[in-house]
Every structure is written in C-alpha cells, then in structure tokens.
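>>> Let's see this in three dimensions:
(chains A and B)
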2 protein chains.
Amino acid sequence: MEQQVKEQWEKFSDLLSKISGYSEAIELLHWDLRTGAPRKGVEVRSGTIGMLSGELFRLGISEEMGGFTEFFIRPEVITQLSLDQKKIVTDCRKEYERSKSIPSKRFEEYAVLSAHSQTIWEEAKENNDFETFEPYLSKIVALKQEFIDYWGVKGTRYDTLLDMYEPDLTVEKVDEVFSRLRSRLVPLVEAIAASPNKPDTSFLQQIFPKEQQEKFGNFILEQMGYDFDAGRLDESVHPFATGLNPGDVRITTAYLLDNVTSAIFSSLHEGGHALYEQNISKDFIGTPLAQGASMGIHESQSRLWENMIGRSRAFWQRYYSDLQQQFPEQLANVELEDFYRAINSVENSFIRIEADELTYNLHIIVRYEIEKLIFNEGLSVKDLPQVWNAKYQEYLGITPPSNALGVLQDVHWSGGDFGYFASYSLGNMYAAQILNTLRKELPEFDELIAAGNLLPIKEWLTDKIYRFGNSLTPSQIIEQVTGEPLSPDYLADYLEAKYTEIYKL
Amino acid sequence: MEQQVKEQWEKFSDLLSKISGYSEAIELLHWDLRTGAPRKGVEVRSGTIGMLSGELFRLGISEEMGGFTEFFIRPEVITQLSLDQKKIVTDCRKEYERSKSIPSKRFEEYAVLSAHSQTIWEEAKENNDFETFEPYLSKIVALKQEFIDYWGVKGTRYDTLLDMYEPDLTVEKVDEVFSRLRSRLVPLVEAIAASPNKPDTSFLQQIFPKEQQEKFGNFILEQMGYDFDAGRLDESVHPFATGLNPGDVRITTAYLLDNVTSAIFSSLHEGGHALYEQNISKDFIGTPLAQGASMGIHESQSRLWENMIGRSRAFWQRYYSDLQQQFPEQLANVELEDFYRAINSVENSFIRIEADELTYNLHIIVRYEIEKLIFNEGLSVKDLPQVWNAKYQEYLGITPPSNALGVLQDVHWSGGDFGYFASYSLGNMYAAQILNTLRKELPEFDELIAAGNLLPIKEWLTDKIYRFGNSLTPSQIIEQVTGEPLSPDYLADYLEAKYTEIYKL
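Numbering: from 1, shown residues only, chains lettered A, B, ... in the order given. Modelled structure (predicted):
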C-alpha cells in the first residue's frame, strides 16, 4: 500500500471509529430506556437520542465521508486495499450515496412523520381504527416512493427497499423462493389442521414462578456459550438483543408467569443473536464490519438456536429433567414426549409474533406480497385491510375478525420499514440450509445436543459465520458455508419431516 | 427583546440543548460502566467516552459558541436578556475563554497524561510507592502551572484553580474561614480524644444481611422525598449520584455486610445530591442552569441530609425502631441513645473518606494548605509526603505509617483536580449556615424529623435552593438564603454543641 493511501486509511479509520462510538452511545441510551430508565426522564432522553442520531446521520453524509470514500473507491486505490477494507469502502459509499441523494428537507419531514405516525399507529391499534391511521400510512408510502426515485430503481421499485435490509437480494429471487416455500407449506398446514393428533398444550398454562424461570433461563444461556463477561441479561417488555460492541452484547427477556416457554425461547432467540455478535472478530472493532451481515443472516442465528436447536427433541432429552426440577409441581407428571409435542404445536392464528415455527413463514409471505403490491403495483393503502384479510384466508384459512388482529398488528409500516419483513423468513431458510451443512460436518449433531454439549456447535458457527461479521455479504456467507445459493427446500424439508412426525401425518 | 436577539437566542438554545444531550449520553455511559457494564466491553467503552467527551469539549470552544457568546455579551444586547439568560451567557463565555486559552496540543497532552497518571497512581497506592508516582504528579503540576498562566492569575495563582470549582471564591476568603474553623476544631478534637466518655461502636460490626439493608435504604430514600419515578438506585463499588436530566437523577450505594451504617449514610448523602438535581426548575432543562450551582453547594446538600439530619438524634428517634425491626438479632438489645452515640463516634484516623463528620474538615484543611503551598509557594512534589505527615501530626495528632495511608490515598491529584478538595468543607459550612436559617424558619425542625415528616424540609430547600439550579452563584445563594456571606462559625457552633454533649466535655 502506498504511503499516502496508508495515511488516508488511518484518518478514515478515525472517522469510522467515531461513527462506531456514536452508535454505541445511541444503543446504550435505547437499551437504558427499555430496561429501567425512570419515566420522568423519558421525554428529555428521547430528545437526546434524536439529537445524537442526527449527529450520526450527518457523519455518514459528511464531506469527510464523501472525500474518503471517493478517494478509496478509485480503481488505482481500491486495488491496494484488503478485502475487508474494500467491503468497508463500498458499504460506506453505498450508504453515503443513498443518504446524500435525499434532500435533507425531505428527510427531516420523513423523520418527523414516521415518529408521529408510530404514535398514531399505537392508538389506532388499541382502538381498532384503521381509518385514522390510513392517511399517515399513505403519506409514508408516498414519501418512500419518492425516496425510491432518489435512490434509484434497480429491477422493480420494491427491489430498492429489499436491498436495504438484505443486500443484493432481488424481488425475482424472493418471489421464487417464497412461492416454492408457500406451495409446500400451505398443504402441510392444511394437513396439520386436519390431523386428529393434536398435542395437548394445557399444562403449559399453569403458574410458573419467576425466580425458577430466571434460573433455568440463565442456565440455558450458559449452556449455549453466551458469555456473561461480554454481555448481561435484563428484563424488558419486549425481549431484544443489542450489541454495543463485541465485548458488550446485551439481551433482555420477559417472564410471563402463566407461560413458561415464552422466556425460554426468547432467551434462546436473543441468545442466538448475541452469540453472533459476541463472536465477531475483534479485528473489526470500530468499523462497520463489527456487526451482522444482514437482518436475514442475523435472524438465521436466532431462529437456528430458538427453533432448530431449542425446539428439537434432542435438546429436551438433555434439559427437560432440569426444567422439571425447577417446576416439579407443574411438570413432574408431564412426559418428555408430551412436552416436546406441546412446544411444537401448530395453530393457524392471527398474530405473527405469537405464531409457531411453521405458520410464521406464511405470516411473512402475506406481508411480503402486500408490500410488493404497494410499491410495484400501486395498491392503495385504503385497500390494505381487505387484501390482508383475503391473503390470511387463502394461506392460513382464517380471516382476522378485526384490523387490530390483522393489518394493524405490526409496528414496522408505521415507521416506514418496508422491505424488512422478508428477512424473518429468509432467516428461517438460511438457518435450515446452514443446519443441513452443519449436520453433515458434525454428524453427531443430535448426540451433542442430547449430551448438553452445545459448544462445538457454537464453535462451528463461529468459524463459519460469526467471526466474519459484516465482512461478507449474505450470499457470500450462504454459498461459502453451504456450497450453494439460498434455497427454500431445506426449510420445507425440515418442516415437513418434523411436523409429519409430530402430527403423525 | 429585539427580533434579531430573539432569533439568535433560539439558535443558541439549540447549541445549548445539544451540549446537554452530549452530557447526558456521557453521564449514562459512565453510570453504566460503574453499575454493571460487562468487563470485556470496558476498553471499547472507555474509548467511546473519550471520543464523546472530546466532541463535547469542541462544542464548548466551537466558532458557534464563540460567536453567540460574543454577540450576547455586548452591552447593548446583554441588557435585553433576562437574569437567567445573562447567567448562561457569562458562564458559557467564561468556559469558552478558559478552554480556548489553552493551545489544543497542550490540552491533549494533559488529557493523555492525566489518564495515564491515574493508572500509575492506582498501582502506586497499592504498592505504597510514592517514588514511581512522583514524576507523573510533578508533570501534572507543571502543566497546571502553565495552564494557570494561560487562564490568567486573579489574586494568587491558586485562586485560579479554586475558581473552577467554587466560582468567585478566593484564597483570601478560604484562608480566613478555614483558619477560623481550624482554630475551633483542633481543640475540640483534642478534648474529645481526652474524653473518657467514648461511645461503644462494637455492635455496628456485626453481620447485617443485604436484603434488609436494601429495604431500609429504600425506605429512607422514600421518606426523604427521593422520587423513584425520576431516578433509580443501583449498586456500585463507590456510591455516587448522577443527574442525566432533572427527570433522571440516579444514585448508587454499596452494601457492606459487616457495616450497617455505610449504606444508610451513603444513601442519605447521595440522596441529598439527588434531591437537589431532581428539584431544579424544569424551565432550565437543556441549559447549563439545570445543574447544581457549584461543588460546594452540591456538597452542602449531601452533607445536610447525611450528617445534620441523618446523624441527628431526632432522626433516629423516628427511624431506629424500623432499623431494629430489620435487624432484631443485631440491634434489639442496643438502646437508641447508644446507637446515636455510636454513629457519631469521633476518631482521629488517616483516611479522609472514612472520617467522621468532625475530623473530616481537618483532612480537607490539610489538603487545601498543601495545594496552596504547591501552587503559590512552589512546594516540590517530592516533599509532599513529609509535609503531609507533619500536617496530620499537627492537626490530628497522628502520623500516617505509610504513604498509602497518607499522601497517596486520594485519586484527585492524579487526575489534576487541584482546587476541588476545599468544596467538601465549604459544603459543610454552607450546610450548617443554611441549617441555622432553616431552624429559624421552620422552628419545629426537630419535631418534624422526629415525626418522620421530612417533606416540609425538602420543600423548604427546594424553594430556597434546589429550584434555582445553577442560575445563581454560590455566594448569591448563601446570602439570599441566610442573609449573610459564608461564615465558618455556624459549622463550628454546630459541631461544638453536638460533640460536647455526646462526649460530655
């Protein structure tokens, strides 16, 4: 590397490190707000988060950022960079151009509108009142359409949105994998609905004291290899994971007294997100590589730990007796097999975040198809409830009795997060495809789990995925790990096998 | 106010609000580091705090800050401002000029040196090794001397340092009050040492389970009127209070199993700091007025609550039975009067932070006199141990057996905080003087305390002091509240009366 390039890189690193620092501070302010900040400080705090987010945004579109990325992206310079450095430069440049392309006045309007709209949405959901929310959502859609023009349309208009959450993914590709997935899941869901062999889930609805739930949850996190010296576990209304830096990746959970599995699976889920971030290479600290590769890859890790490991028979062969020990009164007379079937019960329900591992994907496909209709076909916001309900009827065989239980249930659209939902099912597909390779390379996979020896699994995932952080794209990761591009068949195979057995289809 | 002035003020307010936001974020990052951040994240976190502190410092010396303060301070403009606005402008200008006067390269050297020196100090204290620490401390003193020249000498050189913590206070004034205080306290301490009537403190050294300590501590904070909706209580190695904003003023405590009074009095102490900040006028949010008036005034409130209320007989007349109820095994057979005398036991000891209410002031006077010798008389750092030990012998009648128990005990000097120590005793003097007025205006003061009716006291302090935040100078506050300038006699009177009775002198 030439001396000048080297010197410029050092200066650029300072800017990147500053950006990381702002992110860490903002993440902590958020975390604190959700885990225990006193209520009388919330208003000022929200202002502080807004101010620092503005500062962070300005760093991303600063002259400095423009100058550095323009310099490094020149053909005669970029060839002198390492692969990791190239990834940093191209990501920063992409982000810079994307943010810079929106006139700042329009962007501010959008920030104000989306904040306001989230408040309106909360009330609308509570009051089952789509009409009040509709004009706000319409404005958000209109602004997003305008932004798509600024950002530039690649493929279809909706491609531009998808790309923000899952780089390089296209509508063409998602259409293909989702339609293949849907065509295999819908009949499976129908067969399950028709099956007389329904698991009994009644014993899950007893009172499970919090203290024992905490003990068991901590134990499971330790077993997964979650490093409590590089993170902490707190309580919040909705569980989440947040990586302040690779040495400080926090998770939260919520203990429901009348539902023992909620906290267990949320710990496994958030624990999966956290294992990913805790094990990113320390060399990436202070750069944009010290984060997950995409929403979809991130979600693949939470789903793999929550569902494919945490809801497996092998897992409970090892841990069910521990759970029984914590709750002898509630579970002593429940057989392992009955417990296993109960935590894998499938039900066609209205609410995505309460859905089981199988039907969850249909909830996502509904949203993906609707978003595509909005942005590519001009579907009007006022027609959303009707389209929503028709799709639920078609794929899940149920029609939401109200908009609160239908189109109003998710926060995402009120904040303008179109293009995000697909990541959840992409995560499930990635996870099943990764699991398929993992089983080949660790043939004793089930035995390891059944022996409570989860660390080799964590090590394998670290070696193949975690340590790379954001230095590879999602498609590079999936091809490097599994030897082929994303395919929906692994997920469909996995679900068919699992549920055929459970429901004796 | 002219339109142009009004418009400029709005823009200036945005800058002030941004500065407040940075402070809030930095305070939270610090708070988190001391209350539960995972250890593997500490290194990156420290870098983040350093980076944001640099950003905050740059805002204070920015062209914007220079321009606004220059504009508002003009005679024809400043006359259009309210008193509060004037205070903001003069404070910001003072800070701007002070920071701006140091060449940035020298300031950075100082920041690096003082951070490094604190690490060296920690080791030196642990190893009782003044020689290793000495060259670092000498460099810090040399840089501070250089800074004094940049800042400008008012009165003596040491005046410039005092003014940073206690605006408008002079060496002349402190010399006068400290020497008067010392001349009354030294004979009192000698008389106590000679008294045969020593309180029995042995029962304080039992095992007091943490859970009950927590319960009692929380109860006392509620009784004081600490608003848990505008703050929270956590644990940390050293207790502290931190005001993120007036709606979020947090305190911490440390529970020592073998010392029941430590957590009680640290809660009263930090609770006093917190009551102050929680009750600052909400109008000041987002401005430099939303903080205490000075270190000394802040300390007056922690000391008033900790010592003058919390170590009073009336207080324990009300609360001792509650404490006994938490610890029946340990305290059922200990009489109220014996408890009261035990928590007010006086001992000539080596360590400032463990000192009692009375001798504490002599620890401070030693440090004040030494700092003055360093900066006004050129006392060499290498002679500090000898001077330190001689003064301890003279004022407290004891000679530290080691530098670890002597000159190396405090962190302040290693970080360059010269001029700070005086605030602690100024706080005690302010507190006693305020108490004297408070007793006149609330003649039923002791009865209120003995009835557990502490809120009228909190209200009085809010009305007279808290709500004004930093809108008044310390001397304005003390004169407005008590009708006269700072006097050491109230503290000396209070201590003499209290200890003459306890020690039957």
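
>>> Show me what the lowest-mean-pLDDT helix or strand in chain A is packed against.
Ranked by mean pLDDT, DSSP states H and E, the helix or strand of chain A with the weakest confidence is helix A:104-127, at a mean of 91. Here helix A:104-127 touches helix A:130-151, going by 3 or more Cβ pairs under 8 Å, 6 or more residues apart in numbering or on different chains; DSSP states H and E. Every residue, glycine included, has its C-beta placed from N, CA and C.

>>> Only alpha carbons, please: show the helix it packs on as PDB.
Below are the C-alpha coordinates for helix A:130-151, written out as PDB (Å, rounded to 0.1, in the frame of the first residue of the first chain):
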ATOM      1  CA  PHE A 130     -57.600   1.800  10.600                       C
ATOM      2  CA  GLU A 131     -59.200   4.900   9.200                       C
ATOM      3  CA  THR A 132     -57.300   7.300  11.500                       C
ATOM      4  CA  PHE A 133     -54.000   5.600  10.600                       C
ATOM      5  CA  GLU A 134     -54.600   5.400   6.900                       C
ATOM      6  CA  PRO A 135     -53.700   9.000   5.900                       C
ATOM      7  CA  TYR A 136     -50.400   8.800   7.800                       C
ATOM      8  CA  LEU A 137     -49.500   5.500   6.300                       C
ATOM      9  CA  SER A 138     -50.400   6.800   2.900                       C
ATOM     10  CA  LYS A 139     -48.100   9.800   3.300                       C
ATOM     11  CA  ILE A 140     -45.300   7.400   4.400                       C
ATOM     12  CA  VAL A 141     -45.800   5.300   1.400                       C
ATOM     13  CA  ALA A 142     -45.800   8.400  -0.900                       C
ATOM     14  CA  LEU A 143     -42.500   9.600   0.700                       C
ATOM     15  CA  LYS A 144     -41.000   6.200   0.400                       C
ATOM     16  CA  GLN A 145     -42.000   6.100  -3.300                       C
ATOM     17  CA  GLU A 146     -40.300   9.400  -3.700                       C
ATOM     18  CA  PHE A 147     -37.200   8.200  -1.900                       C
ATOM     19  CA  ILE A 148     -37.100   5.100  -4.200                       C
ATOM     20  CA  ASP A 149     -36.800   7.600  -7.100                       C
ATOM     21  CA  TYR A 150     -33.900   9.400  -5.400                       C
ATOM     22  CA  TRP A 151     -32.200   6.100  -4.500                       C
END
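
>>> That one: which residues count as buried?
Across helix A:130-151, burial judged by 16 or more other Cβ atoms under 10 Å in any protein chain shown covers A:130, A:133-134, A:136-137, A:139-141, A:143-144, A:147-148, A:151.

>>> cool, stretch A:462-476 as well?
For stretch A:462-476, the neighbour count (16+ other Cβ under 10 Å) marks A:462, A:464-475 as buried.

>>> Of the residues you listed, which belong to helices?
A:462, A:464, A:474, A:475 (DSSP state H).

>>> what's the closest non-adjacent residue to the second one?
Closest residue to residue A:464 in three dimensions, ignoring its sequence neighbours and counting by Cβ to Cβ, 6 or more residues apart in numbering or on different chains: residue A:481, at 4.8 Å.

>>> repeat for the first one
If you skip the residues right next to it in sequence, residue A:462 has residue A:279 as its closest partner in space, 4.3 Å away by Cβ to Cβ, 6+ apart.

>>> can you check the third one too?
With Cβ to Cβ, 6+ apart as the criterion, residue A:474 has its nearest non-adjacent residue at 4.4 Å, and that residue is residue A:294.

>>> that older thread, find the pair from the buried residues of helix A:130-151 with maximum spatial separation.
Among these, the pair separated by the greatest distance (Cβ to Cβ) is A:130 and A:151, at 28.7 Å.

>>> Counting neighbours, what do you get for residue A:497?
Using other Cβ atoms under 10 Å in any protein chain shown, residue A:497 has 10 other residues around it.

>>> likewise the one 5 residues further on?
Using other Cβ under 10 Å, residue A:502 has 20 neighbouring residues.

>>> and the residue nearest to residue A:474, what does it touch?
Applying Cβ atoms under 8 Å, 6 or more residues apart in numbering or on different chains, we find residue A:294 in contact with A:165, A:166, A:167, A:423, A:473, A:474.

>>> By pLDDT, rank those residues and give me the bottom one.
pLDDT is lowest at residue A:167 among these; the value there is 91.

>>> for chain A, longest helix please?
Longest helix in chain A by number of residues (criterion: DSSP H): helix A:3-35.

>>> Briefly note if that helix comes near chain B.
Yes: Helix A:3-35 comes into contact with chain B (Cβ under 8 Å from any Cβ of the partner chain), by way of A:17, A:18, A:20, A:21, A:22, A:24, A:25, A:28, A:29, A:32.

>>> now these as a markdown table including distance to residue A:284, neighbour count and pLDDT?
Shown next, in a markdown table, are these (distance: Cβ to Cβ, whole Å; neighbours: other Cβ atoms under 10 Å in any protein chain shown; pLDDT from 0 to 100):
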| residue | distance to residue A:284 | neighbour count | pLDDT |
| --- | --- | --- | --- |
| A:17 | 11 | 16 | 97 |
| A:18 | 16 | 20 | 97 |
| A:20 | 10 | 23 | 97 |
| A:21 | 15 | 24 | 97 |
| A:22 | 17 | 22 | 97 |
| A:24 | 14 | 26 | 97 |
| A:25 | 19 | 27 | 97 |
| A:28 | 20 | 22 | 97 |
| A:29 | 23 | 22 | 96 |
| A:32 | 25 | 20 | 96 |
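
>>> Redo these as JSON lines? Include distance to residue B:403.
Formatted as JSON lines, the residues of helix A:3-35 next to chain B follow (distance: Cβ to Cβ, whole Å):
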{"residue": "A:17", "distance to residue B:403": "39"}
{"residue": "A:18", "distance to residue B:403": "41"}
{"residue": "A:20", "distance to residue B:403": "41"}
{"residue": "A:21", "distance to residue B:403": "38"}
{"residue": "A:22", "distance to residue B:403": "42"}
{"residue": "A:24", "distance to residue B:403": "39"}
{"residue": "A:25", "distance to residue B:403": "39"}
{"residue": "A:28", "distance to residue B:403": "38"}
{"residue": "A:29", "distance to residue B:403": "42"}
{"residue": "A:32", "distance to residue B:403": "40"}
